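Participant: Here is my input; please provide its structure:
(one chain, ligands or ions: 1)
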Amino acid sequence: MERDINNKLTNLLKLQNIDSRIFDIKKIRGALPDEVQDLEDELIGYKTRLENHVNETGDLTNSIEDYKNKTKDAKKLIKKYKSQQLNVRNNREYDAISKEIEIQELDVKIYKKNIIETEEKIETNKVSEKETKKKIKNRKADLTEKKSELETILSESKGEEKKLNKEKIKSSKKIEKNLLLSYNKLVERQRNGLAVVIVKRGACGGCFNVVPPQRQTEIKQKMKIILCEFCGRILADVEAIKVEKKKKPTKKIKKK
Ligand SMILES: [Zn+2]
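Facilitator: Numbering: from 1, shown residues only. Below you'll find the model as predicted:
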């Protein structure tokens, strides 16, 4: 009986290990497509911004042209009025024409001021255009990098995932049907994909709630399958507090 439960827990832990690796692969893949999408959206935004800048510069250039034409017209009028002034019949007529000339001269001044202001706006706009172009260039480079990263991960993980899935099938066969069913349900329910955990530093390895010492003793005895009372995960074992024999990368203990 004891050995039976022990085997079950060992097999469950093995399966969990495989599933966790598959989970990690999917997680990495899951983030990259989003990042690529974000960059693509950002690029569209910058391109629209650049388009707006270019359009605005075009409009501003047109309005300068407009002010120049209006200035020409005003100057023509001034010339005309001045020649009319030479043929006036009385002072009243002379003054009336003088008033018209004054109005036109004021307009010319306003047009000149407008032209200067518009030219300044165009300059500012060109600086923004340059900045936006630079951003587009950078984002494009980022996007190319992320896309190739994604392709690499996809091609790499495809092989590994296939291998892991084979291992998963093999590992699953060692676990009885009902237990496997509960395990799969448990995996689906957990956001981190962990269904079978071990007690680490006196706490559940899944939800980190404290596991009382009495319960830890029961878990170690492996007489039955024990679930975490907080998260429902299977508590397969208790981490050894002493020097870990299994996890040490280099075994320097000489067997004599
Ligand atoms: Zn728990």
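Participant: what's across from Val238 in the sheet?
Facilitator: Val199 (DSSP bridges).
Participant: Doesn't Asn55 belong to a helix?
Facilitator: Yes: counting by DSSP: H, G, I helix; E, B strand; the rest coil, one finds Asn55 located in a helix.
Participant: Now do the same contact list for it.
Facilitator: Contact analysis of Asn55 by Cβ atoms under 8 Å, 6 or more residues apart in numbering lists nothing. For every residue, glycine as well, the C-beta is placed using N, CA and C.
Participant: Extract the CA atoms of stretch 146-165 and return them as CSV.
Facilitator: Taking Å, rounded to 0.1, in the frame of the first residue of the first chain, the C-alpha atoms of stretch 146-165 are listed here in CSV:
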residue,chain,number,x,y,z
LYS,A,146,10.9,40.5,-32.4
LYS,A,147,9.5,38.8,-35.5
SER,A,148,12.6,36.8,-36.1
GLU,A,149,12.8,36.0,-32.4
LEU,A,150,9.3,34.7,-32.5
GLU,A,151,10.0,32.6,-35.6
THR,A,152,13.1,31.1,-33.9
ILE,A,153,11.2,30.3,-30.8
LEU,A,154,8.4,28.8,-32.8
SER,A,155,10.7,26.6,-34.8
GLU,A,156,12.7,25.6,-31.7
SER,A,157,9.8,25.0,-29.4
LYS,A,158,7.9,23.0,-32.0
GLY,A,159,10.5,20.2,-31.7
GLU,A,160,10.8,20.3,-28.0
GLU,A,161,7.0,20.4,-27.5
LYS,A,162,6.6,17.4,-29.7
LYS,A,163,9.2,15.6,-27.6
LEU,A,164,7.5,16.6,-24.4
ASN,A,165,4.1,15.6,-25.6
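Participant: Pull out the buried residues from it.
Facilitator: Neighbour-count burial for stretch 146-165 flags Lys146, Lys147, Leu150, Ser157, Glu161, Leu164 (criterion: 16 or more other Cβ atoms under 10 Å).
Participant: Past the helix or strand hosting Glu149, which element shows up next along the chain?
Facilitator: Using DSSP states H and E, Glu149 maps to helix 91-173. From helix 91-173 onward toward the C-terminus, using DSSP H and E, the following helix or strand is helix 177-189.
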